[in-house]
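quick check, what structure comes out for this input:
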Amino acid sequence: MKNKSSLTKKILIGLVLGALFGLILNKVPSGYIKDTLLIDGILQLVGGIFINAIKMLVVPLVFVSLVCGASAIGDIKKLGRVGGKTLLFYLITTCIAITLALVLGKLINPGIGLDLSNVLKVEPTIGESKSLVNVITDMVPNNPIAALANGSMLQIIVFALLTGVTMAMIRDKAQPVIDIFNSLNEIMMKMVMVIMTIAPYGVFALIAKTFATVGYDAMLPLLKYMIAVLLALVLHATFTYMGALGTIGKLNPIQFFKNFAPAMGVAFSTASSSGTLPVTIDTAENRCGVSKNIASFTLPLGATINMDGTAIMQGVAVIFISQVYGIDLSLQALITVILTATLASVGTAGVPGVGLITLSMVLQSVGLPVEGIALIIGIDRLLDMSRTVINITGDTVCTILIAKSENEFDKDIYYAKNDNGSTNADDREAEVA
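Below is the predicted model:
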């Protein structure tokens, strides 16, 4: 945790110093030193290496993570309807989250006012418009090796999910392969951490180059981006999660926040769903009234496949980056973003930094420049903590609803006394009829 905090500080320092250096460089007259040596030389070199390192990890990370995540869902066959309802809730709420993010992005237009279309070395290619039937049909690869080689993300996701589910169905015979993929997953996670160690330098170079090119024009769009993400997170937690808890679970949402506050505090400080998992499970069982059988299944599954906060960031980022580079996204492209981000949530590990890797995958799925990540990676560390809170909140709301539907929920624990000794009689009376 200390190392993670140190890395966050370094990235923020790199962001601030890069912005300041870029603004100073922006005022320097054009010449060999400014344009050739610094902007197109050193800054381009350092920033380009960092972006390529991110691109390098996309395909193997997504494929391996999805295979591991899908193979771990082998318990669904044993738990039957519990697993089915859990998966359905997670996928539906993730789809709602990314859709909400896209709508808010279109309303707020965070990228308007910043034009980087002339910065692109290569014109991005948006695929030709296809019917929805063709989009869905093309998700199934006729050559999975070619899909991996070409980085066809939706096809990779489908093939990885099929591989993982099949391995789960023949778990005993496939166990050696599952072990190999789990080891590969650990390697990929470590590689992400290694790449993130150079993030402060990459952020400095990329932000410096951006501000050296556009000056102060980048500040307001970045602020609007942050507001759009935070607003989407709040709306999703309030209406989607608390709405489900009140209407489906017939429980008081205010009491939920009182019970769940300890886990939310840990999630905010660590920015890691996986790192918060022990606290989340303990809070769900001892403060929210969920049985151990349900919590031990749905919460680890949620930490693996339910990343609504990350999906919201990706949705707003897609709109932001498309507007910054002057690229219009068709309805078909937006549908592709929803499908890609929803399915990719299955493979987004609950550790800091991986969300940006999967964001590059979402950008590539609709032909947007991955270089756009440079604009948001610095402030993303500030948003990472907030979206982790949303991630674990969704996991626990789902767990409560599933436990209640399976008669493995203790309402007395949910409405028990608070730590300060006050009773919750008023909360009980306020329970949705």
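
stretch 199-208 - what's its average pLDDT?
Average pLDDT, stretch 199-208: 80.

pLDDT below threshold where in the stretch 51-200 of the chain?
Counting by pLDDT under 70, the stretch 51-200 of the chain has low-confidence residues at 58, 69-70, 72-81, 117-135, 153-154.

cool, the stretch 251-400 of the chain as well?
Within the stretch 251-400 of the chain, the segments meeting pLDDT under 70 span 269-272, 274-275, 304, 344-357, 378-379, 381-382.

the residue most central in space within the chain and T94: what is the separation?
With distances taken as C-alpha atoms, centre = their mean, the residue of the chain nearest its centroid is T310 (2.2 Å). Using C-beta to C-beta, to the nearest Å, we find T310 at a distance of 9 Å from T94. For every residue, glycine as well, the C-beta is placed using N, CA and C.

cool, N182 as well?
In terms of C-beta to C-beta, N182 sits 24 Å off from T94.

ok so, going back, isn't the residue nearest to the centre of the chain up against S386?
No - T310 is not in contact with S386 according to C-beta atoms under 8 Å; the separation is 11.2 Å.

tell me how many other residues crowd the closest residue to G302 other than its chain neighbours.
Closest residue to G302 apart from its sequence neighbours, by C-beta to C-beta, 6 or more residues apart in numbering: D395 at 3.2 Å. Per other C-beta atoms under 10 Å, the neighbour tally for D395 reads 33.

enumerate the positions of the strand or helix carrying D395 that are buried.
Assessed by DSSP states H and E, D395 sits inside helix 373-405. Under the neighbour-count criterion of 16 or more other C-beta atoms under 10 Å, helix 373-405 has 373-404 buried.

show me what contacts the residue nearest to D282 when sequence neighbours are not counted?
In space, D282 comes closest to A263 once its chain neighbours are excluded; the distance is 8.0 Å by C-beta to C-beta, 6+ apart. Applying C-beta atoms under 8 Å, 6 or more residues apart in numbering to A263 gives the contacts T276, V279, T280, D282, T283, A284, I392, T396.

looking at these, which one is closest to V62?
Nearest to V62 among these: I392, at 22.2 Å, using C-beta to C-beta.

the closest one and G41, how far apart?
44 Å.

tell me what the one helix or strand V62 maps to is packed against?
Using DSSP H and E, V62 sits in helix 44-71. Applying 3 or more C-beta pairs under 8 Å, 6 or more residues apart in numbering; DSSP states H and E, we find helix 44-71 packed against helix 153-169, helix 171-197, helix 199-214, helix 354-365, helix 373-405.

adding distance to N252, write those out as TSV.
Formatted as TSV, these follow (distance: least, C-beta to C-beta, whole Å):
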stretch	distance to N252
helix 153-169	37
helix 171-197	38
helix 199-214	42
helix 354-365	32
helix 373-405	12
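
before we move on, the earlier item: now the helix holding V62: buried residues?
In helix 44-71, counting by 16+ other C-beta under 10 Å, buried: 46-47, 50-51, 53-55, 57-59, 61-71.

any buried residues in the helix or strand encompassing V266, and which?
Assigned by DSSP H and E, V266 belongs to helix 253-270. Buried residues in helix 253-270, counted by 16+ other C-beta under 10 Å: P253, Q255, F256, K258, N259, F260, A263, M264, V266, A267, T270.

ok, so of those, who is nearest L206?
Nearest to L206 among the buried residues of helix 253-270, with distances taken as C-beta to C-beta, is T270, at 26.0 Å.

tell me the angle the helix holding V62 makes with helix 199-214.
Interaxial angle, helix 44-71 versus helix 199-214 (axes from the mean of the first three to the mean of the last three C-alpha atoms, to 10 degrees): 130 degrees.
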